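Undergrad: Quick check, what structure comes out for this input:
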Amino acid sequence: MKDSYIHKGLRKKLIEKLVDRGIRDEKVLFAIDSVPRHLFMDKAFLKFAYVDKAFPIGDNQTISQPFTVGFQTQLLEIKKFDKVLEIGTGSGYQASVLHKMGADVYTIERHKNLYLRSKELLTKLNCKCMFIHGDGYKGLPQFAPFDKIIITCGAPEIPKDLLLQLKIGGRMVVPVGVNSQKMKLVVRNDENNYNISEHGDFSFVPMLKNKS
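TA: The predicted structure is shown next:
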């Protein structure tokens, strides 16, 4: 499927809505405007690709709504060449946005089908990320530390293993809660101290242990 002028026009309208909702980081807006979200959608929902909502992608997972992608990414304050760990590849849309911003992306997915599908799609799109099928709770200690960590599923608490993989001065964005989540920003101040702040209410699929 191609990226048509119609798709590009719909993305422009989506960007206007995101700006109205408080997404102001120009690099984030440029990335979302550049990534063809319809390529990451289930065929049944293609006509809704640029509606600001989450939609099913299989395996009881969803593609996050564009506002959520923009909000989390904006909190991360991505810089070019940042080493970023993403927990929950899902459709691959968030990873593609991060890659478009110049980040060096490492992304973990516990569902084998989604891992294979997103890896194939992003490879076709020349999105050079490190794809891992595994348990997001464990992170990737062999590649740590990371400048930024983003968790795209609802964690009951901030995963301790991931805190240890965050570089000093690094930022982690994680939705924390069981039924609904508080978006939390974690900044690592030094070896043992972290600053944690809350940034609104969200709803994510749950973060689960072990790969499936």
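Undergrad: By residue count, which helix of the chain is the longest?
TA: Ranked by residue count and defined by DSSP state H, the top helix of the chain is helix 5-20.
Undergrad: Next, the buried residues of that one.
TA: The neighbour-count check on helix 5-20 (16 or more other CB atoms under 10 Å) flags 7, 10-11, 14-15, 18 as buried. Where you see a C-beta, it was placed from the backbone N, CA and C, and this is true even at glycine.
Undergrad: Next: stretch 76-91.
TA: When burial is assessed from 16+ other CB under 10 Å, stretch 76-91 yields the following buried residues: 76-78, 82-91.
Undergrad: May I have the secondary structure class of the closest residue to Leu18 other than its chain neighbours?
TA: Spatial nearest neighbour of Leu18, chain neighbours left out: Gly70 (5.2 Å); criterion: CB to CB, 6 or more residues apart in numbering. When classified by DSSP: H, G, I helix; E, B strand; the rest coil, Gly70 comes out as helix.
Undergrad: residues near Gly70, how many?
TA: Summarising burial for Gly70: neighbours were counted as other CB atoms under 10 Å, giving 26.
Undergrad: From Asn193, how far out is the residue minimising distance to the centre of the chain?
TA: With distances taken as CA atoms, centre = their mean, the residue of the chain nearest its centroid is Gln94 (3.8 Å). Applying CB to CB, to the nearest Å, the value for Gln94 to Asn193 is 28 Å.
Undergrad: Please apply the same query to Asp25.
TA: Distance of Asp25 to Asn193, computed by CB to CB: 27 Å.
Undergrad: Between these two, which is the more surrounded one?
TA: When Asp25 and Asn193 are compared on other CB under 10 Å, the one with more neighbours turns out to be Asp25, at 16 against 9.
Undergrad: where do the helices sit along the chain?
TA: Listed in chain order (using DSSP H), the helices of the chain are 5-20, 26-34, 66-76, 93-100, 112-124, 160-164.
Undergrad: The last one - contacts with which helices or strands?
TA: For helix 160-164, the contact count by 3 or more CB pairs under 8 Å, 6 or more residues apart in numbering; DSSP states H and E identifies strand 166-176 as packing neighbours.
Undergrad: now the angle from the strand it packs on to helix 66-76?
TA: Per axes from the mean of the first three to the mean of the last three CA atoms, to 10 degrees, the angle that strand 166-176 makes with helix 66-76 is 150 degrees.
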